[in-house]
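Undergrad: Give me coordinates for this.
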Amino acid sequence: MALDAGALLVDRFRGPARDVHVKSSATDMVSAADEDAEAMIHRVLRSERPDDGLLGEEGGREKATSGRRWLVDPLDGTTNFLYGIPVWAVSVALEDEDGGLVGVVFDPLREELFTAARGEGARLNDEPLTMRPHDELATALVATGFAYDPAQRAKQAQVLVTLLPAVRDIRRAGAAALDLCALAAGRVDAYYERNLNPWDWSAAHLIVAEAGGAVVDMEGEPHGLAAASPALLPKLLSLLEEAEARPDS
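TA: Below you'll find the predicted structure:
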């Protein structure tokens, strides 16, 4: 179903954008493409897994009687999609009482399918994914993202004042699921972000963990995640704690 949703989105990406409106702020956009992709996934799940729950970014909500729940971001990277930037993906996760069970992130433009199953490792297409070791903060390429709320964005900018001089560089691609998959694939060395929702990270969280990475909830509000190799993550968390504790943050 992630592959089918990806095909739908590719067709829309190559045509004119339509039916765009906003959600939480003027910069938090959603299009008919988001909604149609989620509806497609929803139909498949209701047909094939009617007892499972559903939490979708664009409003899909179903309670579970099976003890399992699907978390769906039909288009992670909507702003990129609407601006014609080829960095976006479909993210689908399945969780049970013990947490993440299956994770799928599909980047249809690159034909990259990231998958993971609990206890069975992670894969990129047909190849196993194993995160490369990295323990030096000064040479770490760090991915992050920013909130839609202007006040929160200002705080995040202040955090960068402390973070940026201490690392190799920062990357902001605009799609949390793909940022985490980039970490699993060794394309960045670390990741952190606040203002995330469960559908943003559930699938990719499992992919990073099954590739040998470490992922933790960041202390404080709003909710955030940090991820890196097990040796690097404590150093990243310490730096982020220092940065967020500054009075101007």
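Undergrad: right, and G103 touches E95 too?
TA: No: under the criterion of C-beta atoms under 8 Å, G103 is not in contact with E95, lying 9.3 Å apart. To be clear about C-beta, it is placed using only N, CA and C from the backbone, and glycine gets the same treatment.
Undergrad: Show me which of these two is the more surrounded one.
TA: The neighbour comparison of G103 against E95 (other C-beta atoms under 10 Å) goes to G103, with 30 against 25.
Undergrad: The more buried one: what's it in contact with?
TA: In this structure, G103 makes contact with 91-94, 114-117, 202-207, 210, judged by C-beta atoms under 8 Å, 6 or more residues apart in numbering.
Undergrad: where does it fall, phi/psi-wise?
TA: For G103, the backbone dihedrals are phi -140, psi 130 (criterion: degrees, to the nearest 10).
Undergrad: and A154, what pLDDT?
TA: Note for A154: predicted pLDDT of 94.
Undergrad: Tally up the residues packed near it, please.
TA: 13.
Undergrad: May I ask which helix or strand encompasses it?
TA: Secondary structure assigned from DSSP states H and E places A154 in helix 150-163.
Undergrad: where does the chain dip in pLDDT?
TA: The chain contains residues with pLDDT under 70 at 15-30, 58-60, 248-249.
Undergrad: give me that answer again for 80
TA: Counting by pLDDT under 80, the chain contains low-confidence residues at 14-31, 57-62, 247-249.
Undergrad: In the protein, which helix is the longest?
TA: Scanning the chain for the longest helix, with DSSP state H as the assignment, gives helix 32-48.
Undergrad: what do G103 and E95 both touch?
TA: Counting by C-beta under 8 Å, 6+ apart, the shared contacts of G103 and E95 are S202.
Undergrad: Which helix or strand contains the residue nearest the centre of the chain?
TA: Among the residues of the chain, the one closest to the centroid is A177, at 2.3 Å (C-alpha atoms, centre = their mean). Element membership of A177 [criterion: DSSP H and E] is helix 176-184.
Undergrad: starting at the chain centroid, how far to that helix?
TA: Per C-alpha atoms, centre = their mean, to the nearest Å, the displacement of helix 176-184 from the mean C-alpha position of its chain is 6 Å.
Undergrad: Other residues contacting that helix?
TA: For helix 176-184, contacts defined as C-beta under 8 Å, 6+ apart pick out 73, 76-77, 87-89, 91, 105, 107, 112, 114, 122, 124, 129, 131, 143-145, 171, 173, 188-191, 193, 196, 200-201, 203-205, 207-208, 211, 213, 215, 227-228.
Undergrad: helix or strand for E193, which one?
TA: strand 190-194.
Undergrad: what's next to that strand, contact-wise?
TA: Under the contact criterion C-beta under 8 Å, 6+ apart, strand 190-194 has outside partners 134, 140-145, 147, 152, 156, 167, 176, 179-180, 182-183, 218, 222-228, 232-233, 236, 240.
Undergrad: Adjacent strands (with direction) for it?
TA: Its sheet considered, strand 190-194 pairs with strand 141-144 (parallel), strand 224-228 (antiparallel) by DSSP bridges.
Undergrad: Next, the angle from the following helix or strand past that strand to strand 224-228.
TA: Scanning forward in sequence from strand 190-194, with DSSP H and E defining helices and strands, the next element found is helix 198-210. For helix 198-210 against strand 224-228, the angle between stretch directions is 20 degrees (axes from the mean of the first three to the mean of the last three C-alpha atoms, to 10 degrees).
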